[in-house]
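1. My questions are about this predicted structure, shown below with the sequence.
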Amino acid sequence: MVKKMCCIGAGYVGGPTMAVMALKCPDIEVVVVDVSGPRIDAWNGDHLPIFEPGLDEVVKARRGKNLFFAADVERHVADADIVFVSVNTPTKTRGLGAGKAADLAYWESAARMIAGASRSGNKVVVEKSTVPVRTAEAVEKILVHNAHGVEFQVLSNPEFMAEGTAVADLLRPDRVLIGGRDAAAVQTLKDVYLRWVPVERIITTNLWSAELSKLAANAFLAQRVSSVNAISALCEATGADVTEVARVVGEDPRIGGRFLDAGVGFGGSCLQKDTLSLVYACECGGLPEAAGY
Ligand SMILES: NC(=O)c1ccc[n+]([C@@H]2O[C@H](COP(=O)([O-])OP(=O)(O)OC[C@H]3O[C@@H](n4cnc5c(N)ncnc54)[C@H](O)[C@@H]3O)[C@@H](O)[C@H]2O)c1
Ligand SMILES: O=c1ccn([C@@H]2O[C@H](COP(=O)(O)OP(=O)(O)O[C@H]3O[C@H](CO)[C@@H](O)[C@H](O)[C@H]3O)[C@@H](O)[C@H]2O)c(=O)[nH]1
């Protein structure tokens, strides 16, 4: 029976995700923690640190009841049955893989802190951040080597929300993905989502498939934007209209019409870094053709 959930990282993902969980699970205490005091103050204030349609209402409905934002990270991690880790995983700027690989320094420090703060019983640790495939292996090693009589189960539960539609995406996700090898831990997290997500939208996989699926989904999205932008350049050179071409192409149900708006190229916080991370994984795996593609 889950009584308390804690999320490390009160960022773009951690804040809205846990606010929606608190809304849908009023009997569970939900605490979002962060090393940044000003960020926590903002979540506790009148002006939330991010703007997303509907977010103010959700936060204000549950804050102080079963939703809390706090800076005393260790205390809340120690008490929680489920710990989500939603720290940033930017592209590395130095060292091996600089410019492509994901920087897992924040994740590793969070894992060491979870192991150090936890004292007894079982704890489910959930990868919410987008991480390279097989990160859970390294996380498990850190947890096991630093554990004090606690059994940890690691799950991968990547987030698919997009900025601008975060609350709508979280309230009605097209899919929730849970990867893990411990069936009981998978079921524990699944039961949380089942409070508001239809069972057919909850996909369970092995750990590595879940980690990789998130990166693969973003690479496919990035490819669509790059494809339509390449066609757009050809349209300009030939007198065709890219909106008309995209509509025709998208009417094929095998392709679909969404995510086919031509523009200046893809931006946002994820598509570029996650595609680079996938390319780096292919290179490290001795798959240069896949990396080049
Ligand atoms: N932003 C998006 O739209 C989006 C969507 C899906 C997935 N993701 C992924 O989710 C993850 C988080 O992204 P984000 O946009 O929320 O990042 P963010 O930068 O907005 O927030 C991360 C937070 O983690 C905190 N943090 C870092 N290390 C910490 C530690 N050891 N202890 C406590 N707090 C710590 C930071 O202070 C920061 O507030 C990334 O892996 C990202 O790729 C992002
Ligand atoms: O038809 C389109 C759609 C998007 N874009 C551009 O693509 C980028 C990304 O847009 P969007 O996907 O809406 O926002 P993100 O918040 O970056 O969300 C993506 O990245 C998140 C982080 O991993 C994932 O969770 C989401 O599913 C995925 O859509 C932006 O620069 C858009 O302008 C286009 O140019 N044409």
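-> Structure received. Ligands and ions are numbered 1, 2, ... in the order given.

2. and the stretch 1-150 of the chain, which residues reach ligand 2?
-> Selection of the stretch 1-150 of the chain residues close to ligand 2 by Cβ under 6 Å from any ligand atom yields Thr130. To be clear about C-beta, it is placed using only N, CA and C from the backbone, and glycine gets the same treatment.

3. Of all the residues in the stretch 1-150 of the chain, which one is nearest ligand 1?
-> In the stretch 1-150 of the chain, the residue that lies nearest ligand 1 is Gly11 (1.8 Å; Cβ to the nearest ligand atom).

4. Check whether that residue really touches Pro90, as I assumed.
-> No - applying Cβ atoms under 8 Å as the test, Gly11 and Pro90 come out as separate, 11.5 Å apart.

5. between these two, which one's more packed in?
-> Gly11 (20 against 11; other Cβ atoms under 10 Å).

6. ok, now which ones touch the residue of the stretch 1-150 of the chain closest to ligand 1?
-> 34, 39, 86-88 (Cβ atoms under 8 Å, 6 or more residues apart in numbering).

7. What distance do you get for Asp252 to Thr17?
-> 34 Å (Cβ to Cβ, to the nearest Å).

8. My error: substitute Ala162 in the last question.
-> Distance, Ala162 to Thr17, by Cβ to Cβ: 13 Å.

9. now do Val125
-> On the measure of Cβ to Cβ, Val125 and Thr17 end up 16 Å apart.

10. Spatially, what comes nearest to Leu278 if we skip its sequence neighbours?
-> Leu215 (4.6 Å; Cβ to Cβ, 6 or more residues apart in numbering).

11. What's the local residue count around that neighbour?
-> Leu215 has 24 nearby residues by other Cβ under 10 Å.

12. Please shift the residue numbers so they start at 29 in all later answers.
-> Sure, I'll start counting at 29 from here, so that last one is Leu243.

13. Let's verify it: helix, strand, or coil?
-> helix (DSSP: H, G, I helix; E, B strand; the rest coil).

14. could you pull out the helices for the stretch 179-321 of the chain?
-> All helices of the stretch 179-321 of the chain, identified by DSSP state H, counting those that start in this stretch, fall at 194-199, 211-221, 235-266, 270-278, 299-312, 316-320.
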